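S.K.: Output the structure for:
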Amino acid sequence: MTRVRNLFLIAAMLASAAPLDLSAWKYRKKIELTPGDGVAVVKLDKEVYAAIGSRYYKLRIYRDNEETAFFLTSPGPHLDDRMVSPTTELLDEVIVPGEGLQFVVRSVGRHDRVTLYTDLKNFRSRVRIETGDDGKRWAIARDDGAIFNFQQDGREMQSTTVPYPVSTRKFLRVTIFGWTKTGAFVSALIDYRVAPVPDQAEVFAKLTPQIWEDAAKKSTFALIDAGQQGLPIQTLRVFTSSPQFQRAATVECSGDAKNWTFCGNGTLTRLPGPQFTEESLTASAQGGNRYYRLQISNQDDKPIHIDAVQAEGAVNQLQFLASAPGNYWLYYDGPGPEYIAMPQYDLPAVLARQTLPEHPWTLGAQEANPLYRAPDPPKKPWSEQHPALLYTALGVAVAVLGGATFRFASRMNHQA
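M.R.: Next up is the predicted model:
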């Protein structure tokens, strides 16, 4: 009896509550799910991105017209998550006759790449990486690394990071072939890049781009059309059949394919070797734009062949409790200036203290919110509402000033 009475009380409270105003939200999608104990996980789709872009504060979830707490997640490590050792000084720096500049750096934990810092410009050099436990005995980890720096189109193109097979040894010996002076490099950073899980990045578009060569700039250009604005693109991945290369790349973005701004860069690399094969075919890109222009600097090398370019980004998911029965809806593209941040719910803290099963669900078809009411247009200033009165007042003022000026001039002439 007590449970039944409580249910009646809740129903009465809901019936007497003020109706919720849903008229501010332009679109909605039904979330088809089976209510029960657990967390509903819903991935955002292209139609939602087209409406809100990266303005995630323009999202709300309602169950039978009652606001439901949610939070936004991007599962898995980001593409640039790293475990980093502190920047370290260079030890035992010498010039090895017949080879070049050589120095030793200390490492901590797992590592698979070293970044070298220098103020020098315009170089391209081969690099050898050796590892050891005592700083005396060495094993070659990589003998065909490469670093470069050059200027092009007013931008500095640089890659001074050399990857190598994962190691836990405490010392790294670096040899830069062809360098004849010490003091060229000031420090080094040793780190370990967490490998991204392939299915934790969403593919927004994979296409054969428009390609052209620019002999004056010694560059290959690729124009990528993502198909729409608003997609949270973070990376452009190049598919190529070319066997070996290392090229600097820059990315520009645009909403109309006419006005371009810089939005990312990278080093496209495929360097096979007997000890280690290095491959990195991505360049960073700032999301939200429809068009991307990839420039690959060839210098004096033959252009690489581009088979396709893939636009990738984070998988954004909404999570919420779906224990109560009812109709769940995602409302989006709502009011603007007053919603300057995501709503703050205590749901993340609540879920952190318990383990509940997660159930993936998909969004239904987009439909216009039947209750949507467009905001009133901004009120025009009084002067724009009554232009005739304004011009009449100005005319009268000019006439009065003119008459006063004429009388003053007449008085001055009379006195003279």
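S.K.: which residues of the stretch 1-150 of the chain score low on pLDDT?
M.R.: Scanning the stretch 1-150 of the chain for pLDDT under 70 picks out 1-20, 76-86.
S.K.: ranges for the helices of it?
M.R.: With DSSP state H, counting those that start in this stretch, the ranges of helices along the stretch 1-150 of the chain come out as 2-16, 46-52.
S.K.: One more: the stretch 251-400 of the chain?
M.R.: With DSSP H, counting those that start in this stretch, the ranges of helices along the stretch 251-400 of the chain come out as 347-352, 382-385, 387-415.
S.K.: rank these by mean pLDDT and give me the bottom one.
M.R.: The minimum mean pLDDT among the helices of the stretch 251-400 of the chain belongs to helix 382-385 (a mean of 56).
S.K.: How is this protein partitioned into domains?
M.R.: As recorded under automatic domain parsing, the domains making up the chain are 22-74+316-368, 82-193, 198-314.
S.K.: and P375, which of those domains is closest to it?
M.R.: Closest approach to P375 among those (Cβ to Cβ): domain 22-74+316-368, 7.2 Å. All C-beta spots, glycine's among them, are computed from the backbone N, C-alpha and C.
S.K.: Pull up the distance across that closest one, start to finish.
M.R.: 12 Å (Cα to Cα, to the nearest Å).
S.K.: Then stretch 28-40?
M.R.: By Cα to Cα, the extent of stretch 28-40 from end to end equals 17 Å.
S.K.: Quick one: distance of it to the chain centre.
M.R.: Its chain's C-alpha centre lies 29 Å from the corresponding centre of stretch 28-40 when counted by Cα atoms, centre = their mean, to the nearest Å.
S.K.: And that stretch, what's buried?
M.R.: Within stretch 28-40, the residues scored as buried using 16 or more other Cβ atoms under 10 Å are 28-29, 31, 33, 39-40.
S.K.: re the thing from before, save the domains of the chain as TSV, and put in distance to L401 too.
M.R.: Shown next, in TSV, are the domains of the chain (distance: least, Cβ to Cβ, whole Å):
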stretch	distance to L401
domain 22-74+316-368	42
domain 82-193	55
domain 198-314	47
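S.K.: closest one to A374 among those domains?
M.R.: Closest to A374 of these, according to Cβ to Cβ: domain 22-74+316-368, at 8.5 Å.
S.K.: how far is the closest one from where the chain is centred?
M.R.: Remark: domain 22-74+316-368 is offset 22 Å from the chain centroid, using Cα atoms, centre = their mean.
S.K.: Next up, the contacts around G287.
M.R.: Contacts for G287 (Cβ atoms under 8 Å, 6 or more residues apart in numbering) come out as 54, 231-234, 313.
S.K.: quick one, phi/psi of it?
M.R.: G287 adopts backbone torsions of phi -70, psi 170, taken as degrees, to the nearest 10.
S.K.: Return the distance of it relative to A314.
M.R.: Counting by Cβ to Cβ, to the nearest Å, the gap from G287 to A314 is 9 Å.
S.K.: anything in contact with each of the two?
M.R.: Counting by Cβ under 8 Å, 6+ apart, the contacts common to G287 and A314 are 232, 234.
S.K.: with the buried residues of stretch 28-40 in mind, which one is nearest to R155?
M.R.: Once Cβ to Cβ is applied, the member of those that ends up nearest R155 is K29, at 42.2 Å.
S.K.: From the structure, what's the count of residues near the nearest residue to the closest one once chain neighbours are set aside?
M.R.: Nearest residue to K29 in three dimensions, chain neighbours excluded: L363, at 4.3 Å (Cβ to Cβ, 6 or more residues apart in numbering). Residues lying near L363 (other Cβ atoms under 10 Å) number 19.
S.K.: Same check on the one 5 residues further on?
M.R.: A count of nearby residues for A368, using other Cβ under 10 Å, gives 9.
S.K.: how about it, what does it touch?
M.R.: Taking Cβ under 8 Å, 6+ apart as the criterion, A368 is in contact with 26-28.
S.K.: Rebuild those as TSV, extending it with distance to P357.
M.R.: Formatted as TSV, the contacts of A368 follow (distance: Cβ to Cβ, whole Å):
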residue	distance to P357
K26	33
Y27	30
R28	27
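S.K.: out of these, which one sits closest to D300?
M.R.: Set against D300, the nearest of the contacts of A368 by Cβ to Cβ is Y27 (52.5 Å).
S.K.: any idea how far P243 is from that closest one?
M.R.: Distance, Y27 to P243, using Cβ to Cβ: 48 Å.
S.K.: Check R126 too.
M.R.: For R126 relative to P243 (Cβ to Cβ), the value is 18 Å.
S.K.: next one: A184
M.R.: Distance of A184 to P243, computed by Cβ to Cβ: 31 Å.
S.K.: Between all of the buried residues of stretch 28-40, which two are separated the most?
M.R.: R28 and V39 (21.4 Å).
S.K.: For beta bridges, what are the partners of the closest residue to W260 other than its chain neighbours?
M.R.: With sequence-adjacent residues excluded and distances taken as Cβ to Cβ, 6+ apart, W260 is closest to E252, at 4.2 Å. According to DSSP bridges, the residues that bridge with E252 are F262, R293.
S.K.: Show the model's pLDDT score for E252.
M.R.: According to the model, E252 scores 94 on pLDDT.
S.K.: The one 4 residues further on now?
M.R.: Per-residue confidence at D256 stands at 93 (pLDDT).
S.K.: If I follow the layout properly, it ends up in contact with Y291?
M.R.: Yes - contact criterion Cβ atoms under 8 Å: D256 and Y291 qualify, at 7.4 Å.
S.K.: Neighbour count for those two, which is higher?
M.R.: Taking other Cβ under 10 Å, D256 and Y291 do not tie; Y291 has more neighbours (19 against 9).
S.K.: and the longest strand for this protein?
M.R.: Looking across the chain with DSSP state E, the single longest strand is strand 139-152.
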